[in-house]
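In: Kindly return the folded structure for what I paste below:
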Amino acid sequence: MTTRLFFALSFLALIIWSHGCQNSTESIVQQPQGLIGSWGWVESGGGELGLRTPESEGYTENWRFDPDSTFYEYRNDTLVYQGTYEIRQDRVGPWMLDTADVLAIRFYDRYWQWAVRFSGKDTLILTLLAFDAGYSKFVRKK
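Out: Next up, the predicted model:
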């Protein structure tokens with residue numbers, strides 16, 4: 001009886017674990033027009049590092065997204081990274097509070113993906129699709 005219970009619970013745990021590993025059903029989508037342009041970093045938070053701002057870190061950071069899916073990252077007005085990106089509709093979970101559809105950005109030569117959302121038309125919030133779910137907030141540069 002104990003052996004059967006052990007195997008039944010092990011099988012159930014395996015099913016739950018394998019479902020948890022299927023955290024993504026992606027499809028490439030057209031990028032939102034609101035993303036195109038230059039964005040100035042305002043703050044980052046979450047994770048282990050706490051709240052960080054340009055003032056606390058001693059540098060400014062600007063990100064630029066072009067319509068041809070080219071991305072530029074500037075630190076103190078010096079180009080530090082250039083690459084390409086894609087926007088995906090992604091279903092994530094269950095490591096987040098709930099499984100949900102999100103608009104995600106993936107930089108081709110970087111491992112991480114970020115959930116993309118806007119607060120109004122001039123604030124971009126990128127949330128890391130990872131367990132600790134850190135975020136970065138940007139405002140549109142005029």
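
In: Wait, residue 70 touches residue 81, no?
Out: No. With contact taken as C-beta atoms under 8 Å, residue 70 and residue 81 are classed as non-touching, separated by 11.1 Å. Using the backbone N, CA and C atoms, a C-beta is placed for each residue, glycine as well.

In: Mind jotting down where the strands sit in the protein?
Out: Assigned strands in the chain, in chain order: 27-28, 37-45, 61-65, 70-75, 78-92, 100-107, 113-118, 123-128, 135-140 (criterion: DSSP state E).

In: Check the offset of the last one from the chain's centre.
Out: The chain centroid and the centroid of strand 135-140 are separated by 12 Å, computed with C-alpha atoms, centre = their mean, to the nearest Å.

In: again, but for stretch 64-71
Out: Average the C-alpha atoms of stretch 64-71, do the same for its chain, and the two points are 17 Å apart (C-alpha atoms, centre = their mean).

In: in that stretch, what counts as buried?
Out: When burial is assessed from 16 or more other C-beta atoms under 10 Å, stretch 64-71 yields the following buried residues: 64-65, 71.

In: Throw these into CSV and include pLDDT, thanks.
Out: As requested, the buried residues of stretch 64-71 are arranged in CSV below (pLDDT from 0 to 100):
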residue, pLDDT
64, 97
65, 95
71, 94
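
In: For the residues you listed, could you give me a markdown table that also reports distance to residue 129?
Out: As requested, those are exported to a markdown table (distance: C-beta to C-beta, whole Å):
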| residue | distance to residue 129 |
| --- | --- |
| 64 | 22 |
| 65 | 18 |
| 71 | 17 |
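
In: low-confidence ranges in this structure?
Out: Low-confidence segments of the chain, defined by pLDDT under 70: 1-31, 91-100, 111.

In: most centrally placed residue in it?
Out: Centroid check for the chain by C-alpha atoms, centre = their mean gives residue 114 as the closest residue, at 1.1 Å.

In: measure it to residue 63 for me?
Out: With the distance defined as C-beta to C-beta, to the nearest Å, residue 114 ends up 11 Å from residue 63.

In: got it, and residue 113?
Out: Relative to residue 63, residue 113 is positioned 15 Å away (criterion: C-beta to C-beta).

In: same deal with residue 121?
Out: 16 Å.
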